[in-house]
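**Q** here is a sequence with its predicted model. Questions after.
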Amino acid sequence: MIYFSPVVAALVTFSLTYILLLSGAAHKVQDIPNERSLHTAPVPRIGGMALIIGMLCGWAMNAYSLVWWVMLPLLMLFLLSLLDDVRGLSVRYRLFVHIGAAWLLVLGSGLFTQSVFVGLLVLFMVVWMTNLYNFMDGSDGLAGGMAVIGFGIYGIAAMMGHDMTLAMLNISVAAAALSFLYFNFYPAKIFMGDAGSVPLGFLAAAMGVWGWQISLWPAWFPLLVFSPFVLDATVTLLKRMLRREKIWQAHREHYYQRIVQLGFGHRNTALVEYILMSGVGASALIALQYPEMVIAILMFWGVSFLIAMLLLDRLWKAHGNA
């Protein structure tokens with residue numbers, strides 16, 4: 001039965017998203033353009049509800065294998081983020097729950113019993129991943145497509161390690177995201193909102209920790225798989241901090257946002273990011289098979305990302321932007 005979970009996740013997500021749009025319910029909660037937005041007209045933003053419910057329906061077929069330290073914080077974040085989409089919550093309250101969810105994951109996974117330092121480091125990274133995925137959800141099809149690729153790579157790696165249960169859990173996330181992408185690719189009919197991006201960010205970290213804890217992959221693997229998102233969000237945050245800007249305020253300074261604004265458009269930006277994510281993911285799988293290549297692969301991508309960011313910064317300035 002576990003092999004049907006991705007099919008269930010995809011079908012439920014597609015059906016719920018279609019019903020939301022057809023009934024008009026989705027249009028009652030819209031994303032109104034602001035300083036961060038790349039779109040100019042209001043778009044429904046509760047598609048994440050369909051995506052996460054669809055994924056959970058797929059996961060239900062593997063209920064016996066689920067661990068509480070992933071499920072409980074995931075449900076907490078999903079409900080909080082859905083409420084935030086509908087009513088709006090303060091940054092302080094959201095961050096408090098994000099930290100609480102990360103604590104549950106780190107405590108439940110036993111990381112603190114291994115090393116307090118490692119536990120605190122993972123705690124910070126889980127909170128950051130939960131938030132950065134939301135920051136990176138600002139262009140049609142971007143976050144959804146990256147979920148398809150990222151969790152798909154997790155699934156392939158789990159199959160390589162002969163853990164079909166964890167493989168199907170991850171592929172179910174990818175399948176739900178792929179189904180949602182039908183409605184979210186440019187021009188997007190619906191956005192996933194916080195109810196989709198926040199749980200996906202948490203899961204990118206949580207499934208990475210899970211696979212690491214059961215020795216399916218080393219700690220560098222999930223960071224490399226999601227490195228296009230991690231580096232874009234992290235470098236942008238650091239640059240804003242150095243300029244003493246208010247990092248919690250809406251903005252359009254992420255590299256993917258600049259690519260769109262430079263005239264590349266939502267569609268082409270998403271496709272380029274898909275190619276990048278696929279290349280990074282493929283190299284991560286190769287490094288799992290050939291550990292002696294890990295350093296070379298990490299150095300290659302580190303230099304490649306640095307060059308790409310420097311070129312984009314130069315292009316941005318050349319077009320008259322500060």
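**A** That came through fine.

**Q** only C-alpha atoms from now on, for both contacts and neighbour counts.
**A** Will do.

**Q** ok, and what's touching the helix or strand bottoming out on mean pLDDT in the chain?
**A** Least confident helix or strand of the chain, by mean pLDDT, DSSP states H and E, is strand 30-31 with a mean of 82. With C-alpha atoms under 8 Å, 6 or more residues apart in numbering as the test, strand 30-31 has contacts from 42-46, 191.

**Q** make CSV from those residues and add neighbour count and pLDDT to it.
**A** Listed next are the contacts of strand 30-31 as CSV, based on neighbours: other C-alpha atoms under 10 Å; pLDDT from 0 to 100:
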residue, neighbour count, pLDDT
Pro42, 13, 84
Val43, 19, 88
Pro44, 22, 89
Arg45, 25, 91
Ile46, 28, 92
Phe191, 30, 95
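
**Q** relative to Phe135, which of the residues you listed is nearest.
**A** If you rank those by distance to Phe135 using C-alpha to C-alpha, Phe191 comes first, at 13.3 Å.

**Q** is it true that Arg252 touches Leu262?
**A** No: Arg252 is beyond contact range of Leu262, at 11.9 Å (criterion: C-alpha atoms under 8 Å).

**Q** who has more neighbours, the two?
**A** Arg252 (18 against 13; other C-alpha atoms under 10 Å).

**Q** show the pLDDT at that one.
**A** Looking at Arg252, its pLDDT stands at 82.

**Q** tally of neighbours for Arg240?
**A** 14.

**Q** pretty sure it sits against Ile247.
**A** Yes: in this structure Arg240 lies within contact range of Ile247 using C-alpha under 8 Å: 6.4 Å.

**Q** list the contacts for Ile99?
**A** Contacts for Ile99 (C-alpha under 8 Å, 6+ apart) come out as 123, 127.

**Q** average pLDDT across the helix or strand hosting it?
**A** Using DSSP states H and E, Ile99 sits within helix 91-109. Mean pLDDT, helix 91-109: 95.

**Q** I'd say Ala9 and Phe180 touch.
**A** No: Ala9 is beyond contact range of Phe180, at 10.3 Å (criterion: C-alpha under 8 Å).

**Q** which residues of the stretch 51-200 of the chain fall in helices?
**A** 68-86, 91-109, 111-114, 116-135, 142-160, 164-184, 193-213 (DSSP state H, counting those that start in this stretch).

**Q** and Thr113, what's its pLDDT?
**A** For Thr113, the model assigns a pLDDT of 88.

**Q** likewise Met1?
**A** On pLDDT, Met1 comes in at 67.

**Q** quick revisit: please identify which of the contacts of strand 30-31 is nearest to His27.
**A** Nearest to His27, judged by C-alpha to C-alpha, of the contacts of strand 30-31 is Pro44 at 5.1 Å.

**Q** burial check on the nearest residue to the closest one once chain neighbours are set aside, number of neighbours?
**A** Residue nearest to Pro44 in three dimensions, not counting chain neighbours: Gln30, with 4.1 Å by C-alpha to C-alpha, 6 or more residues apart in numbering. Residues within reach of Gln30, counting by other C-alpha under 10 Å, total 18.

**Q** and Gln30, how far is that from Ser37?
**A** Counting by C-alpha to C-alpha, to the nearest Å, the gap from Gln30 to Ser37 is 13 Å.

**Q** where do the contact lists of these two overlap?
**A** Common neighbours of Gln30 and Ser37, counting by C-alpha under 8 Å, 6+ apart, are absent.

**Q** ok now stretch 246-265, how far from the chain's centre?
**A** Computed by C-alpha atoms, centre = their mean, to the nearest Å, the chain-centroid distance of stretch 246-265 equals 17 Å.
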